[in-house]
Structures are given as C-alpha cells and as structure tokens.
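Q: Need coordinates for the following:
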Amino acid sequence: MTVVAVAPQFGPFDLLSDVAFEQYQVGDRAQAAVSCRVFLVVSQSAGDEPTTRYLMYALGRALTELGRIDEALEVIDSLGERCRLDAQPFWRAKVSVIRSFAVRRSDDPSTVVEHVALGSVLTGTPDGLVYNQVSAAVVLAEGLRSLEMFAEAERILLATLRVSREDITRLGIVVDLARTLAEWAMRLLMVGLTEQAQAVCVVLASRARLLVRLDRRGVHRPLALVVEGFAWVVLGEPVTGLDMIGRARPGLRPDRVEWLMAMAAGALAHSELGAVDDAAREADALAAVAKVSERALWIQGGEWLRLELSLTASVPPASTILAARMLRDAMRELWVERAARVESVRALVRVHELEAENERARGLGRTDALTGVGNRRALEERLAASEGDVVAVFVDVDRFKEVNERSSHVFGDQALMRVAHLLVELAPPSALVARFGGDEFVTVLDSTADLAFAEDLADRVSASLHESEWARIADDFELTLSYGIAVGPASTLLERLSRAVITAKRSGRDRRVTAGERRAGARDRRTPGGDRRAGVSDRRAAEARRAAAARSEGQDDPADPGEARAAT
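A: Here you go, the predicted model:
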C-alpha cells in the first residue's frame, strides 16, 4: 500500500464542470458529452486535476445514457486509474458505482452487484465534512435504486441529507430522494402492495414540498410537480394529481425519469376517472419511451398498465386474463429476487469490509502516527518503485526549535499536523506526501510533473501558510517553510533535495531553491507573501547577510546551526 495525498475537492476551473454536469442533469446528454470533451482540454492543459475528474465523471455518465458503452467504460477506467492511489476512497467509490451503470447492459448481474457493494464499503457513513463523500453517497443510492433496493437507497440519502450543510447539496439529495420514492411506489403498485405504495407516497408528497423550498431557481419545478402529482394519484386524488402533472408537462423532457412518472400517473388517474382511452394512450406512450431509454422498471410499468386497462373491458378475453395473471406472477418473482439481491449485496459488503480492514492494518506501518501522511518507509517504497527521473519537493519548517520554545511542544505538534494537511490539500492526488523526520516532509510527484510544477506547488503552499492566522506565533515571529526542489534518479534524489533545502535555509529561509541550476547548484526565490510581513522580513534579511558573511569566512550558518544537517 502507498500512502498518498488527498485530492483537493475543487479546482480553479470548477465552473466548467458545473456547466457540463447541469447539462447532463437536465437531460441534454449529447451536449454534456461535447462540453466535457471541450472543457477537458482546458482543465488538463492547466493541470486542474479536480476539475478534470469531475468532467470525466460527467462524461462517463453521459456516454452511458447515450448507449455509447465502450466509450463510457474507457473514460470510467481512465478516471479509476487517476484515483487509484488516492488516500481517501471516495472517488474510487464513485467510479465503482458508475461502472455498474455501464456494465449492467452487458455483464452478468452479479458483476453489477459487486460494483455497488464495493462502492458502499468505500463510501462509508457520510459526515458532511467532505463533499466527495457526500457525492459518493448520492451516487451509491442511485446504484442501489438501480438494483431496486429502495429502502437502502432512501436510508443513505436521508443520512446524507441530515449531515449536509449547503442548500445546493441538499437540493441534489432531495431530487434523488424524490425519484427513489416514486420508483419504489410504482414497483409496489405493480406487485399488488397498494397500501405500502400509498405509505411511500405520503412521504413522497412531503419530499416534493421540500424540493420546492430548496429549489430557489426553479430548475426542478417540473420534477416537484410530477412527483407530488404522482403521489396524489396513488393516494386516491386523481383530479389533483392530473392538475399538477398538467402544469408540469411543458417543462418535461421525454428522456427524463419524471416524464415516465408523468405518463404512469396520467394512466392511473384517467383509469380511476373512467377515461379508459386516455389512460391507454398514456400507458402506450410510457411503454414506448421507456423502451428507448432502457429503463426496465418503467418498461414493465407500461406493460402492466396496458394489461390492467384491458381487464376493465366488460368481458375481457381469456388470453388477456391469462397474460395479466402471468405478468403479476412475474412481477412478484422479481420482487422476491430483489430480496436475494439485498442479501447478496450485504454479503459482499461484509467481504469488502474485511478486506478494507486488512488493508488499513497493512497501511499503519506506512503512516506517520502524528500527521497521518506517509512515513519514511512509505517514501522509500515510493522511490524504489519509481522509474526514470523523479520530481520532488523537500519541506523543512524554519526555526522549529524556536516554535516549541515560544509556544509549547503541543503547539509544535499541531503546527506539524497543519503543515502536513496543507501539503496534502494542495498536492495533486497522485503525489505522495511523507514525513521524512522531525520537522521535514517530502512530496514526491508523479511522472507527469516537472520542476515548474513543483516550484508552483511550493509557492502555493507558502501563500496559503502566510494567510493562515495560526502561523502567526507572535508579533515578531511567524511560521515559515523552506523548500528544496529537485529532479533526478530515485537513488540520488534525496541527496539533491537535501543540498537544495540547506541552501534555501542558509540563504535566509522562507524560500525555495531548485537544485541543479546555476554554478552554485541552485536557483532560489522568495516564496509568495514573505515580503508582506512588517518587522519580520527586515530581521530575516539581516540574518541572511550574517549567514553570507559567516560562509565567506568558512563558518556554519550562525542563525541555526542545527538546521544545516544532511537530509538523508
């Protein structure tokens, strides 16, 4: 197991993924796929990994629903490779579940169950603190709904809704909750469990009203009208239900689930009111559109409605009665099979939980106990597995001994944890962040990174540190970092990094030095924000002059003789 950084949740071009995903959500899959491919050129050129992932996710989903399964799987597999070494499992959870959507049209059903079970274990119990976990939980609920595990999907969505803080996130969860409840009620009607369907629809009506309150832009207004209208029809109020569905129709798209809900509710309502011909038209439309979109539950719903309507004739043919009986038996058998799927998923979840526990136990030997990032062993294993030249950043906390003396060792430990968290937050997800020892950290970048990328990472870490209140220890003392940056074979990389970071510290600290350039073997730059700190920069400049004078006399750096140690 390799310990790596947590992927930042959002990138600088996140708005692009928002645009593409909204196109997907409102049903324009073809345009969403085009937008994703165009925007991916931008995000990948800019090195915006979070946005690249969201765009690949949206592209994989759009291609799946367009029926372009081979293309979808290629994108999904590529996304899976990107997140394979993430410290947090939430992207891997999403990949596993959306892969189940793509493979269910061709693979054995047990493969779909396996993907959903793995997604369940990787998602865990959402706490609302990490957006990607909330997102993974919503996708997992959709996967469970595809297996008709409606109660389990509702449970996950409600748990996620309770811990979610942002209204936009809560809106998305309620949208999925409404669709889940409507499909659940429809299936219960089809197997003859009318009272249970009505109990679900009582909850569905309340969720529709919550959806209206959260949807300030009115984007999901047609959905809210349809699901509440559907609920009223099932609850025995067909006139009220038809009125709501009629108001929703202008905003509906035939490729959305809510359009299918509207057709089903219309057929049920017209049948209740005795308008058999209108009911038959709605049922025929439902069956036809559901076949195009390959939505099994609604295909069966259309056939069930047509047979039920044919039984309302004064003397239905014997063949119709027999067909209706056979369909009802088939529906009940499917419902029984659904219970077996539930047990299958639960069994696979237990297996994956045991595997995850074993993996966590193995990972303890490669994790720093204080900071939670990789330890020296993890670093050595990463370097040993590297091929060709490797780019890395060595980070040393300046004057850490003075941090402990001025505050306390407890604060010193907290400072190390915060520095580690900052590195994890800003490093790309494929990087390894490891504590090398004491107050030193090493970030090993992947094979696509170059020195310019490493220098930019150091600058971003320092800029973020300078903006942090906790780094201001006293009026005349602020926590800073020195960076050594190098590229080279893994066998000599640590030596290069060590020389670079020592040069940075002897040059005045709070700066980065890139090894292998200039006659002196380094290029140094003040990190962003260093010149903004009144009363601190002047003293450091004086220290740098004293250090230069000491070196010219062949002495060690008098500012902190303990910092000029070899980092190997």
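Q: Where does the most centrally placed residue in the chain sit, in terms of helix or strand?
A: By C-alpha atoms, centre = their mean, the chain has its centre lying nearest to Asn132, at 3.2 Å. Counting by DSSP states H and E, the element that carries Asn132 is helix 131-146.
Q: what mean pLDDT does that helix have?
A: Averaging pLDDT along helix 131-146 gives 91.
Q: With stretch 491-504 instead?
A: 92.
Q: again, but for stretch 408-421
A: Stretch 408-421 comes out at a mean pLDDT of 84.
Q: So which bits of that stretch are buried?
A: For stretch 408-421, the neighbour count (16 or more other C-beta atoms under 10 Å) marks Gly412, Ala415, Leu416, Arg418, Val419, Ala420 as buried. For every residue, glycine as well, the C-beta is placed using N, CA and C.
Q: Which members of those are positioned in helices?
A: Secondary structure from DSSP state H places Gly412, Ala415, Leu416, Arg418, Val419, Ala420 of those in helices.
Q: circling back to that earlier point, can you name the next helix or strand after the helix holding Asn132?
A: Following helix 131-146 in sequence, per DSSP H and E, is helix 150-163.
Q: Now do the next helix or strand after that following helix: which elements does it pack against?
A: For helix 150-163, the following helix or strand on the C-terminal side (DSSP H and E) is helix 167-190. Here helix 167-190 touches helix 131-146, helix 150-163, helix 194-214, helix 221-234, helix 257-272, helix 296-310, going by 3 or more C-beta pairs under 8 Å, 6 or more residues apart in numbering; DSSP states H and E.
Q: after the fifth one comes which helix or strand?
A: As assigned by DSSP H and E, the chain's next helix or strand after helix 257-272 is helix 276-293.
Q: Count the neighbours of Val390 for me.
A: 21 (other C-beta atoms under 10 Å).
Q: helix, strand or coil for it?
A: The three-state assignment at Val390 reads strand, by DSSP: H, G, I helix; E, B strand; the rest coil.
Q: my guess is it meets Ile485, correct?
A: No - in this structure, Val390 is not within contact of Ile485 by C-beta atoms under 8 Å, at 11.7 Å.
Q: still on that earlier bit, let me know the closest of the ones in helices among the buried residues of stretch 408-421 to Arg155.
A: Ala420 (35.1 Å; C-beta to C-beta).
Q: Not counting residues beside it along the chain, what's closest to the closest one?
A: Nearest non-adjacent residue to Ala420, counting by C-beta to C-beta, 6 or more residues apart in numbering: Thr371, 3.7 Å away.
Q: The one you found looks like it's in a strand, true?
A: No - the assignment for Thr371 is coil, going by three-state DSSP, so no strand is present there.
Q: How is this protein divided into domains?
A: Using automatic domain parsing, the domains assigned to the chain come out as 1-86, 88-165+341-366, 376-563.
Q: Ser293: which of these is closest?
A: Judged by C-beta to C-beta, the one of the domains of the chain that comes nearest to Ser293 is domain 1-86, at 7.9 Å.
Q: And that closest one, how far out from the chain middle?
A: Distance of domain 1-86 from the chain centroid (C-alpha atoms, centre = their mean, to the nearest Å) equals 11 Å.
Q: what does stretch 469-487 give?
A: Chain-centre distance of stretch 469-487: 31 Å, with C-alpha atoms, centre = their mean.
Q: Show the end-to-end separation of that stretch, please.
A: Stretch 469-487 has its terminal residues 33 Å apart, counting by C-alpha to C-alpha, to the nearest Å.
Q: Buried residues, it. List them.
A: 471, 473, 477-487.
Q: who are the neighbours of the helix or strand harbouring Gly119, in terms of helices and strands?
A: In the assignment (DSSP H and E), Gly119 maps to helix 109-123. Secondary-structure packing of helix 109-123 (3+ C-beta pairs under 8 Å, 6+ apart): helix 90-103, helix 131-146, helix 318-363.
Q: for the helix or strand that the last one is followed by, packing partners?
A: Scanning forward in sequence from helix 318-363, with DSSP H and E defining helices and strands, the next element found is helix 376-385. Contact here means 3+ C-beta pairs under 8 Å, 6+ apart; on that basis helix 376-385 packs against strand 432-437, strand 440-444, helix 490-506.
Q: Kindly present the ones you listed as TSV, with separate columns for distance to Thr312 and mean neighbour count.
A: Shown next, in TSV, are the helices and strands packed on helix 376-385 (distance: least, C-beta to C-beta, whole Å; neighbours: other C-beta atoms under 10 Å):
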stretch	distance to Thr312	mean neighbour count
strand 432-437	68	25
strand 440-444	71	26
helix 490-506	77	22
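Q: among these, which is nearest His270?
A: Distance to His270, taken as C-beta to C-beta, is lowest for strand 432-437 among the helices and strands packed on helix 376-385, at 62.4 Å.
Q: which residues make contact with the closest one from outside it?
A: Residues outside strand 432-437 that contact it (C-beta atoms under 8 Å, 6 or more residues apart in numbering) are 2-5, 368, 370-371, 373-376, 378-379, 382, 394, 416, 420, 423-424, 427, 441-444, 567.
Q: about what we covered before: can you name the two of the buried residues of stretch 408-421 that sit furthest apart?
A: The two members of the buried residues of stretch 408-421 with the most space between them (C-beta to C-beta) are Gly412 and Ala420, at 12.9 Å.
Q: Can you report how many residues neighbour the residue nearest to Ala151 when sequence neighbours are not counted?
A: Nearest residue to Ala151, sequence neighbours excluded (C-beta to C-beta, 6+ apart): Trp184, at 7.8 Å. Counted by other C-beta under 10 Å, the residues lying close to Trp184 total 24.
Q: correct me, but Trp184 touches Leu157?
A: No - contact criterion C-beta under 8 Å: Trp184 and Leu157 do not qualify, at 11.8 Å.
Q: Give the burial count for Asn375, as a bare number.
A: Neighbouring residues of Asn375 were enumerated by other C-beta under 10 Å; the total is 20.
Q: hmm, back to that, return the member of the buried residues of stretch 408-421 nearest to Thr64.
A: Nearest to Thr64, judged by C-beta to C-beta, of these is Ala420 at 38.1 Å.
Q: Distance of the closest one relative to Ala117?
A: From Ala420 over to Ala117 the distance is 33 Å, taken as C-beta to C-beta, to the nearest Å.
Q: how close does the closest residue to Leu171 other than its chain neighbours get to Ile168?
A: Spatially, and ignoring its direct neighbours in sequence, Leu171 is nearest to Leu214 (4.3 Å; C-beta to C-beta, 6+ apart). Separation of Leu214 from Ile168 (C-beta to C-beta) stands at 8 Å.
Q: Over to Gly246?
A: Using C-beta to C-beta, Gly246 is found at 29 Å from Ile168.
Q: Repeat that for Ile156.
A: With distances taken as C-beta to C-beta, Ile156 is found 19 Å from Ile168.
Q: Which one's more surrounded, those two?
A: Higher neighbour count among Ile156 and Ile168: Ile156, with 26 against 11, using other C-beta under 10 Å.
Q: How many neighbouring residues does Ser507 have?
A: Ser507 has 21 neighbours, counted by other C-beta under 10 Å.
Q: Actually, Glu467.
A: If you count neighbours by other C-beta under 10 Å, Glu467 ends up with 11.
Q: Same question for Ala197.
A: Neighbour count of Ala197, defined by other C-beta under 10 Å: 21.
Q: Identify the residues contacting it.
A: By C-beta under 8 Å, 6+ apart, the contact list for Ala197 reads Ala185, Met186, Leu188, Leu189, Val234.
Q: Glu272: which of those residues is nearest?
A: Relative to Glu272, the closest of the contacts of Ala197 is Val234; by C-beta to C-beta it sits at 10.0 Å.
Q: Look at the residue lying closest to that closest one once chain neighbours are set aside and report its pLDDT.
A: In space, and not counting its chain neighbours, Val234 is closest to Cys201: 4.4 Å by C-beta to C-beta, 6+ apart. pLDDT for Cys201: 96.
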